[in-house]
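Colleague: The sequence and its predicted three-dimensional model are supplied below.
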Amino acid sequence: MARALYIHWPFCLAKCPYCDFNSHVRDSVDHVLWQDALLADMRFEAGQAGGEPLGSVFFGGGTPSLMPPAMVARLLAEAEKLWGFAPGIEITLEGNPSSVEAENYAALASAGINRASLGIQALDDETLRFLGRLHNADEGLAALEVAQQHFARVSFDLIYARPGQTAPQWQAELERALSFGTGHLSLYQLTIEPGTRFETMVRLGHFEPLDDEHAADLFALTADLTSQAGLPAYEVSNQARAGEESRHNLAYWRYQDYAGIGPGAHGRRGGVATVRHKKPENWLSAVARNGHGIAEERDLIPREQAAEALLMGLRLREGIDLAALAARFGLPAADLIDAAKLKFYIGQGLAWQAGSRIGVTPEGMPLLDGLLGELVPAQLVQA
């Protein structure tokens, strides 16, 4: 089985008010220092978790499209040397659609990137300003056009369920987004995350989030429109044409091993959870001191692994195979799910079961967080 590699680039030109990712704004970045540190972190991780070739590499952030293409090429060359690349490897780089970054796309494609994921987020200037984005709508669409010229596969993100957004407004925006012909979309409902500037703004009464009922209506509309366009949801917030699903993200959701390097990156290898130091300067110091950026490394008992696999796998339209999960972790299948609650929610049309495979229906997906809390036994999650 192929392994996945995640490389975190923590720097952005500005911090978006909705963002709770590990992203940081710095006046300058020493690219030589950062390249050397990422290479060291990668070599250490490969020494701990080698064997299988890489089936996917994902440059996330932050804004990794700000990385010099030569650095991307160097990191990919080292990854291939350390692990090997599986045939048809998927290599994704996230980016913001500014004109400066779009100028790098040809060089990034030459460096080995074959899939781009663009943070367009909205298709009108007023919303982009509200979301704190540095690009305008025209720049976003121009960058999308350039990306489609240089990369075999392109995805882009949109944020919906914004304050005051109506169903006709979202339908028009989504239909326009679908008209651009990408094989993958990531469509996220706006959530007010703790510690973000939006949380402060909501607390001060600067705006009111869209209520749950209207957000659920927009979720259903999203599912209908993307399905009709041939890009059905394969995960709660991700839609794709058949065969264009993000193989890297599927590795997470199917609970396969993955290596994570760079500040704040998480990893899973052979039942061991790894977390890198979050603050860029702390991560750099750790690499200089120890040869790696790991802040925490912990063995997960089988029940913890099973709980994580369930919480991730039930996000997928395909659901999860309880019998295979029980065999994988040496646990009774009856311990993995609350059978009575599963039966109840199947009756409500919010969950399904086919043999040993279970899942959440499209009608249940808007209630996913609550359903996970009901279906996955507390003693499993709290192991």
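Modeller: Sure thing, it's come through. Numbering: from 1, shown residues only.
Colleague: longest strand in this protein, by residue count?
Modeller: Criterion DSSP state E: the longest strand present in the chain is strand 85-95.
Colleague: Just checking: what are the partner strands of that one?
Modeller: Strand 85-95 pairs in its sheet with strand 54-61 (parallel), strand 115-121 (parallel), by DSSP bridges.
Colleague: Would you mind putting those strands into TSV with distance to His214 alongside?
Modeller: For the C-beta atoms, the positions are set from N, CA and C on the backbone; glycine is no exception. Listed next are those as TSV, based on distance: least, CB to CB, whole Å:
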stretch	distance to His214
strand 54-61	31
strand 115-121	19
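Colleague: returning to that earlier point: for the longest strand of the chain, give me every contacting residue.
Modeller: Residues from elsewhere that reach strand 85-95, judged by CB atoms under 8 Å, 6 or more residues apart in numbering: 2, 53-61, 63-65, 72, 76, 79, 101, 108, 112-119, 143, 147, 153, 246-248.
Colleague: What of stretch 36-51?
Modeller: Contacts of stretch 36-51 (CB under 8 Å, 6+ apart): 3, 5, 7, 74-75, 78-79, 82-83, 257, 259-262, 267, 269-270, 274, 276, 283-284, 287-288, 291-294.
Colleague: show me where the stretch 51-200 of the chain has helices.
Modeller: Remark: helices assigned in the stretch 51-200 of the chain by DSSP state H, counting those that start in this stretch are 69-83, 99-102, 105-111, 125-130, 137-150, 167-178, 197-203.
Colleague: and the first one, what does it pack onto?
Modeller: Taking 3 or more CB pairs under 8 Å, 6 or more residues apart in numbering; DSSP states H and E as the contact definition, the neighbouring helices and strands of helix 69-83 are strand 3-9, helix 31-48, strand 54-61, strand 85-95, helix 105-111.
Colleague: which outside residues touch it?
Modeller: Applying CB under 8 Å, 6+ apart, the set of residues contacting helix 69-83 from outside is 3, 5, 7, 31, 34-35, 38-39, 42-43, 46, 50, 52-54, 57, 59, 64, 85, 91, 93, 104, 107-108, 110-113.
Colleague: of those residues, buried ones?
Modeller: Taking 16 or more other CB atoms under 10 Å as the criterion, what is buried in these is 3, 5, 7, 34-35, 38-39, 42, 46, 54, 57, 59, 64, 85, 91, 93, 104, 108, 111-113.
Colleague: hey, where'd the strands end up in the stretch 151-300 of the chain?
Modeller: For the stretch 151-300 of the chain, the strands defined by DSSP state E, counting those that start in this stretch occupy 153-160, 184-189, 233-235, 238-240, 258-261, 266-269, 272-276, 294-299.
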